[in-house]
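Chemist: give the three-dimensional model of this entry:
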Amino acid sequence: MHRFLFLVLFLYACVMPCANGEEKPVRLHVVAESNEMQAQTLKLKVKDAVLKKALEITKDAQTSQEAYASLFTSIGEIRMCAREAALQYGFTGEINALVTREEF
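Modeler: As a prediction, the model looks like this:
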């Protein structure tokens with residue numbers, strides 16, 4: 001039924017805590033194939049898994065630039081996390097992921 005899920009990590013939108021007590025803005029955006037309930041439920045499950053992985057990857061970052069670099073170099077790990085989470089819920093389609101800088 002579902003053919004794709006698109007995952008984007010945008011830097012400069014919502015906030016993740018830094019090791020030094022400051023906040024670094026990172027936005028996680030997951031796009032589902034459709035607005036159907038099943039697709040939206042899958043999207044939220046994948047988002048939760050990837051957010052947990054992103055927090056793990058960036059836990060030692062002191063600046064937003066370090067967080068971005070960590071996420072960028074770990075995109076394969078993030079993609080794999082999304083794929084594994086989706087497979088747990090029966091999704092076998094394509095998963096794309098990217099890290100990009102955006103101004104909001």
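
Chemist: what about the strands in the chain?
Modeler: Remark: strands assigned in the chain by DSSP state E are 4-17, 23-31, 94-101.

Chemist: average pLDDT for the longest one?
Modeler: Going back to what we said before, that points to strand 4-17. Mean per-residue pLDDT for strand 4-17: 47.

Chemist: stretch 40-47 too?
Modeler: 88.

Chemist: what do you get for stretch 82-99?
Modeler: The model assigns stretch 82-99 a mean pLDDT of 85.

Chemist: send the alpha carbons of it over as PDB?
Modeler: Provided in PDB are the C-alpha atoms of stretch 82-99 (Å, rounded to 0.1, in the frame of the first residue of the first chain):
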ATOM      1  CA  ALA A  82      14.000   5.000   9.800                       C
ATOM      2  CA  ARG A  83      14.000   1.900   7.600                       C
ATOM      3  CA  GLU A  84      14.100  -0.500  10.600                       C
ATOM      4  CA  ALA A  85      11.300   1.400  12.400                       C
ATOM      5  CA  ALA A  86       9.200   1.400   9.200                       C
ATOM      6  CA  LEU A  87       9.800  -2.400   8.700                       C
ATOM      7  CA  GLN A  88       8.500  -3.000  12.200                       C
ATOM      8  CA  TYR A  89       5.100  -1.600  11.000                       C
ATOM      9  CA  GLY A  90       5.100  -3.500   7.800                       C
ATOM     10  CA  PHE A  91       6.400  -0.800   5.500                       C
ATOM     11  CA  THR A  92       8.600  -2.200   2.700                       C
ATOM     12  CA  GLY A  93       8.800   0.800   0.400                       C
ATOM     13  CA  GLU A  94      11.500   3.300  -0.200                       C
ATOM     14  CA  ILE A  95      12.900   5.600   2.500                       C
ATOM     15  CA  ASN A  96      14.800   8.700   1.700                       C
ATOM     16  CA  ALA A  97      16.700  10.900   4.200                       C
ATOM     17  CA  LEU A  98      18.700  14.000   4.000                       C
ATOM     18  CA  VAL A  99      20.200  16.700   6.300                       C
END
